[in-house]
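Asks: Provide a 3D model corresponding to the input given below.
(4 chains)
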There are 2 protein chains.
Amino acid sequence: MHKISGVRIGDNLTDVKVKNRSLVLSLVKKRGLISRIELARITGLTQPTITNIVNELMASNLLQEVGTSDTKAGRKPILLAVNDRAFYTIAISFTRHGFSVALTDLGPNILYRRDSSYSVLENTEIALLELQKEFIHVLEFATSSLRLILGIGVCAPGPLDSDSCTILAHPTFLANKSLDLRPYLQEYDLPIFMMNQADAACLHEIWRGEAKEVRNLIYFMVGEEVGAGIVIDGIIYQGQDRKAGEVGHTSVNLFGPRCVCGNHGCLEMYCNTRAVLDRAREGAWLGKSAYLKDVARRRETVITFLDVIEGAKVGDQFCLGLLHQMGQYIGVGVVNLVNLYDPEQVVIGGECALAQEFLQEPVQNVVSESLLYREYIRPQISFSPWGDEVAILGAASIVLDRFIAGQLGRF
Amino acid sequence: MHKISGVRIGDNLTDVKVKNRSLVLSLVKKRGLISRIELARITGLTQPTITNIVNELMASNLLQEVGTSDTKAGRKPILLAVNDRAFYTIAISFTRHGFSVALTDLGPNILYRRDSSYSVLENTEIALLELQKEFIHVLEFATSSLRLILGIGVCAPGPLDSDSCTILAHPTFLANKSLDLRPYLQEYDLPIFMMNQADAACLHEIWRGEAKEVRNLIYFMVGEEVGAGIVIDGIIYQGQDRKAGEVGHTSVNLFGPRCVCGNHGCLEMYCNTRAVLDRAREGAWLGKSAYLKDVARRRETVITFLDVIEGAKVGDQFCLGLLHQMGQYIGVGVVNLVNLYDPEQVVIGGECALAQEFLQEPVQNVVSESLLYREYIRPQISFSPWGDEVAILGAASIVLDRFIAGQLGRF
DNA sequence: GGTATAATGTTTTTAAAATTAACTAAATTC
DNA sequence: GAATTTAGTTAATTTTAAAAACATTATACC
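Replies: Residues are numbered from 1 along each chain as shown, chains lettered A, B, ... in the order given. Next comes the predicted model:
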């Protein structure tokens, strides 16, 4: 059963200690400000135990006392907070169009960031050498705190293998072969952690976003790719081989056209931004949307998702219709996910979240009409407000997550 | 965070003890025969710790020494086994057509069983009084071991509320209102645990079926209902409100006809046995199948799923076609589930499993052609061999599961 | 303004768990 | 039949959180 060679599955006293310290640290991180007595109440641990744990974490410079809060009577509780500057991470995010390297603290706040675009890079090898250069640039910026860097978090669309630090396939030109990133990120021998972009973004929502205290969460990411991050009992679930959450390639029209993945009528074919833009271009071409036709002519460039949102904002009926339809398709995805996972909350993220004001209603309507157990459950559905930055913050959150889980030493 | 009033989320020494005893007991249960030294190796606990735990479990009569096994040299390891007769459970299974009450041991082997059919029961109240009668019958059979009964496990199709021991809705006539079973199962004040039938069957596979050592499992149940049991990291996942796994009501044809649930083109509309039988009856009526036409005429009764299987076995092309198509639809479900959950194994159960020989190939073909990450992962797909008995064995497994998890005292 | 009260947080002692190290037991090998 | 190998146990130790007593710091009320 669960025989993972070298991993203890039985518990001993050290495990108890590690788990309780993780628990306290994560509670302080998620609550922001919290007193010892409240920690004791929430965890069920005794006050002396909390005092001891807090003392240790303060000795490691991870926790700080920051003022007091009020009570009706009696001694005021001392508020504790995580010292975000205790440790740092290197965050690397690959997208379809380029990559970014950043230095973040435990916030994770971005302290320094460098972006590169594939468009100016001739081939994969040149791109990776560029990555190496940018990585070293960031390390140089961090020079005074090098010892405090916990590790490197990498996220990318498409399949990865975190153990071998390899991007197995990438949607744009990097994809020619599987890419082992280790040779390019060797300085200081920092540990590398990799995750799918949806899972990484999900970790960001869990650690400092909209879902900090959610036990069971689906982070539904809809952009050029459609995928999901899954949180079960407060822990991200990636599947047996870290390939879970591919909701974009579940069939929602088994009689529909074949997707590039081999499946028929994949959800992604209906609700990703590319599908919307294909319809937008057609609408512009056929003159169904005066706004989009004008954009296409004036800018002599392709229409973007932001153009569609802009069109909707100025009242263009065709753009409004496009987003309404997109919302309905997203709603279908939400219904399927909720019927399968019964989460407490669904956070909708990715580029589509920029169109929240136009998507919210159709999504909610589809859920109200089609969810199997709508009489009994009503999952909270919200949109991520984090925009583009979620990619790099997600990458940083991978390291943060490993650190707080206690699998990264240091405390 | 996860503040469940009254539940400790921090760990202490007692938690370690309970967890390690649970772990040892579950390992012996799942392995069948195992020595102390192997337990030590698998768990990572030391030999003295295992000795202590085993001594305690033997003192509770839960473990027994049963012979030795061989080694190349040295002392032979003493094999340990769970004493299935140490404790008993009452298992109650509701189906569309009736209910069963049984006494089982920890095997769980069925020691005594009584079945009732709704068809001879006038209304819900009479049915529930019948349930009470049967329950008392079973208790009378168990009279000498009453003290050793751990609890009552109940499974049913449709939504339940385990906390209030209530069937919220039932597909057949019991459904008129939500049913609180407590008044009818009060004798001896046994604890009652309820679960959806797919989840219960899944627990059976985990504890003594085909998936005893699987970390991440999907039990895909296809019969009149279509649902799934989900195992994540060795533990059944039921969702925030125990409504997860409703794969039968995920849309696989969002432009398709409306399902009774409100959603469009639900998977259940394509691959459940009723859908197959509708097509079978039509085929018999239109004379597309000589075999089925003959069955319908000869027996003057409706065609059953077993008839279709029988037809396929004697080479009837129409029946073969029906099952082939059913296999393809099941395959679509499997692909969607695997893309979402990335399990180690998928067990296909329910009435459809009787047609394994005809379904296996089309299911596997769809998976080979449509699974997103077919290059990287190859989940094991198998059919449950447990037939009808899985319902009552599943109900018993609910209690077994709670007991071994340590949430049911006694050890 | 001083005393009772209430709430937070700490120190000291204790109990309970698994570990370590040393040991016993039972088999094979030569 | 002695050396070796493997399984299992005993006794002492370490480490953890709990329990009980205590210290600190605020409000309330006369």
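Asks: okay, CA-based contacts and neighbour counts for the rest of this
Replies: OK.
Asks: where does the nearest residue to residue A:29 once chain neighbours are set aside land on pLDDT?
Replies: Using C-alpha to C-alpha, 6 or more residues apart in numbering or on different chains and skipping the chain neighbours, the partner closest in space to residue A:29 is residue A:82 (5.8 Å). pLDDT, residue A:82: 97.
Asks: What's the local residue count around residue A:82?
Replies: 26 (other C-alpha atoms under 10 Å in any protein chain shown).
Asks: Ok, the one 3 residues further on next?
Replies: By the criterion of other C-alpha under 10 Å, residue A:85 has 16 neighbours.
Asks: Can you tell me the closest non-neighbouring residue to it?
Replies: For residue A:85, the spatially nearest residue (C-alpha to C-alpha, 6+ apart) is residue A:105, at 5.6 Å.
Asks: Could you pick out the residues of chain A near DNA strand C for me?
Replies: A:11-13, A:35-38, A:47-48, A:51-52, A:71-79 (C-alpha under 7 Å from any atom of the strand).
Asks: contacting residues around the residue nearest to residue A:85?
Replies: A:84-89, A:111 (C-alpha atoms under 8 Å, 6 or more residues apart in numbering or on different chains).
Asks: in terms of contact, does the residue nearest to residue A:29 touch residue A:63 like I think?
Replies: Yes. The criterion here is C-alpha atoms under 8 Å, and residue A:82 meets it with residue A:63 at 4.6 Å.
Asks: Please work out which residues outside the helix or strand of chain A with the lowest mean pLDDT touch it.
Replies: The weakest-scoring helix or strand in chain A, judged by mean pLDDT, DSSP states H and E, is helix A:290-299 (a mean of 87). Identification of contacts with helix A:290-299 by C-alpha under 8 Å, 6+ apart yields A:280-281, A:283-285, A:287, A:302-303, A:307-308, A:311, A:316.
Asks: what's the distance between that helix and the middle of its chain?
Replies: 34 Å (C-alpha atoms, centre = their mean, to the nearest Å).
Asks: Could you do stretch A:282-302 as well?
Replies: The answer for stretch A:282-302 is 33 Å, by C-alpha atoms, centre = their mean.
Asks: now swap in stretch A:235-255 and tell me
Replies: Distance, centroid of stretch A:235-255 to centroid of chain: 16 Å (C-alpha atoms, centre = their mean).
Asks: ok, it near chain B or not?
Replies: Yes. Stretch A:235-255 lies within reach of chain B by C-alpha under 8 Å from any C-alpha of the partner chain, at A:238-247, A:249-255.
Asks: Among those residues, the buried ones, what's the ChimeraX command?
Replies: Restricted to buried positions by 16 or more other C-alpha atoms under 10 Å in any protein chain shown, the ChimeraX selection for the residues of stretch A:235-255 next to chain B reads:
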select /A:238,239,240,241,242,243,244,245,246,247,249,250,251,252,253,254
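Asks: Let's see which of the residues of stretch A:235-255 next to chain B end up in helices.
Replies: Among the residues of stretch A:235-255 next to chain B, the subset assigned to helices under DSSP state H is empty.
Asks: filter the residues of stretch A:235-255 next to chain B down to the ones near DNA strand D?
Replies: Okay, of the residues of stretch A:235-255 next to chain B, nothing touches DNA strand D (C-alpha under 7 Å from any atom of the strand).
Asks: Tell me which strands whichever strand or helix holds residue A:93 pairs with, and in which orientation.
Replies: Using DSSP states H and E, residue A:93 maps to strand A:88-94. Sheet pairing of strand A:88-94 (DSSP bridges) gives strand A:98-105 (antiparallel), strand A:149-156 (parallel).
Asks: right, so those strands: which one is the most enclosed?
Replies: Neighbour counts (mean count of other C-alpha atoms under 10 Å in any protein chain shown) averaged over each of the strands paired with strand A:88-94 peak at strand A:149-156, with a mean of 26.
Asks: next SSE after that strand?
Replies: Following strand A:149-156 in sequence, per DSSP H and E, is strand A:160-161.
Asks: Check the offset of that following strand from the chain's centre.
Replies: For strand A:160-161 - counting by C-alpha atoms, centre = their mean - the centre lies 16 Å from the chain centre.
Asks: Give me the angle between the host helix or strand of residue A:330 and helix B:317-341.
Replies: Element membership of residue A:330 [criterion: DSSP H and E] is helix A:317-341. Orientation note: helix A:317-341 sits at an angle of 100 degrees relative to helix B:317-341 (axes from the mean of the first three to the mean of the last three C-alpha atoms, to 10 degrees).
Asks: does any bit of helix A:317-341 sit next to chain B?
Replies: Yes. Using C-alpha under 8 Å from any C-alpha, helix A:317-341 comes into contact with chain B via A:332, A:335-336, A:338-341.
Asks: can you check stretch A:345-362 too?
Replies: No. Stretch A:345-362 is not in contact with chain B by C-alpha under 8 Å from any C-alpha; minimum separation 9.3 Å.
Asks: model confidence over that stretch, on average?
Replies: 98.
Asks: Which residues belonging to that stretch are considered buried?
Replies: A:345-356, A:358-360, A:362.
Asks: Next step: the residues you listed restricted to helices.
Replies: Per DSSP H, those map to helices at A:356, A:358-360, A:362.
Asks: What's the local residue count around the residue of the stretch 101-250 of chain A found nearest DNA strand C?
Replies: Closest to DNA strand C within the stretch 101-250 of chain A is residue A:213: 21.0 Å, counting by C-alpha to the nearest atom of the strand. Using other C-alpha under 10 Å, residue A:213 is surrounded by 19 other residues.
Asks: and it, what pLDDT?
Replies: According to the prediction, residue A:213 has pLDDT 92.
Asks: Hmm, it is touching residue A:30, no?
Replies: Yes. Under the criterion of C-alpha under 8 Å, residue A:213 makes contact with residue A:30 at 7.2 Å.
Asks: one step back: figure out how far the strand holding residue A:93 is from the centre of its chain.
Replies: 13 Å.
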